[in-house]
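S.K.: give the three-dimensional model of this entry:
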Amino acid sequence: MSQFKKDPHIPFQCAFPLPEGPNGLRQFKVGVNSASLPNLTSPIFVPLSTVSITINSPNDIIRFMATIQSQTLFSSVSSTPLNGTVVGFRIRRIAPAATIQSVQNTDFDELTTTFTAFDKPGVGTFFYVLEGNLVRRTNPPNTLVEGIVSVILTAEEIALN
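M.R.: Numbering: from 1, shown residues only. Just a heads-up that it's a prediction; the model follows:
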């Protein structure tokens, strides 16, 4: 078990349980966000974050975790009938090209979308992009923009048992 040094602000010893040896977590990568997080304004996907990872064992898998916080610029909570903005997110492998996971969520004011995906690409260096789009706008009020507030994308290489 990997041990962290005792933090003077935390009154107990912290331990982060990582399996050691041939099985378990081999590496952890954090995505690089777009220089300026975009607003989603159309059904065309726009990049939010990218990550690359090198896999040395053909049996290892990559686990992705994505969290996106977004908000509509006009609330639709009081609309009758209740009508929300629908946003879409996907993780896509660049080469060989593949969509790893696609999700949609409905936003009435503010929204946090979190999802997990898995890929088993084989051996090599692989590049992935997290993208978002505006699937449906509310009308009325005519919400034309879903603002992206924050994005976290991680990729972990995991050795199977």
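
S.K.: the nearest residue to Val103 once chain neighbours are set aside sits in which helix or strand?
M.R.: The shortest distance from Val103 to any non-neighbouring residue, by C-beta to C-beta, 6 or more residues apart in numbering, is to Phe115 (4.9 Å). For glycine as for every other residue, the C-beta is placed from the backbone atoms N, C-alpha and C. Element membership of Phe115 [criterion: DSSP states H and E] is strand 110-119.

S.K.: from Pro81, how far out is the residue minimising distance to the centre of the chain?
M.R.: Among the residues of the chain, the one closest to the centroid is Ala66, at 1.9 Å (C-alpha atoms, centre = their mean). Remark: distance between Ala66 and Pro81 (C-beta to C-beta, to the nearest Å) = 30 Å.

S.K.: that older thread, residue contacts, the residue nearest to Val103?
M.R.: Phe115 makes contact with 65-66, 89, 101, 103, according to C-beta atoms under 8 Å, 6 or more residues apart in numbering.

S.K.: Asn56 now?
M.R.: Val123.

S.K.: before we move on, what's the pLDDT of it?
M.R.: For Asn56, the pLDDT comes out at 90.

S.K.: what's the answer for Ser42, then?
M.R.: 90.

S.K.: now which of the contacts of Phe115 would you call buried?
M.R.: For the contacts of Phe115, a burial check counting by 16 or more other C-beta atoms under 10 Å picks out 66, 89, 101.

S.K.: okay, and which of the residues you listed map to helices?
M.R.: Among the buried ones among the contacts of Phe115, the subset assigned to helices under DSSP state H is empty.
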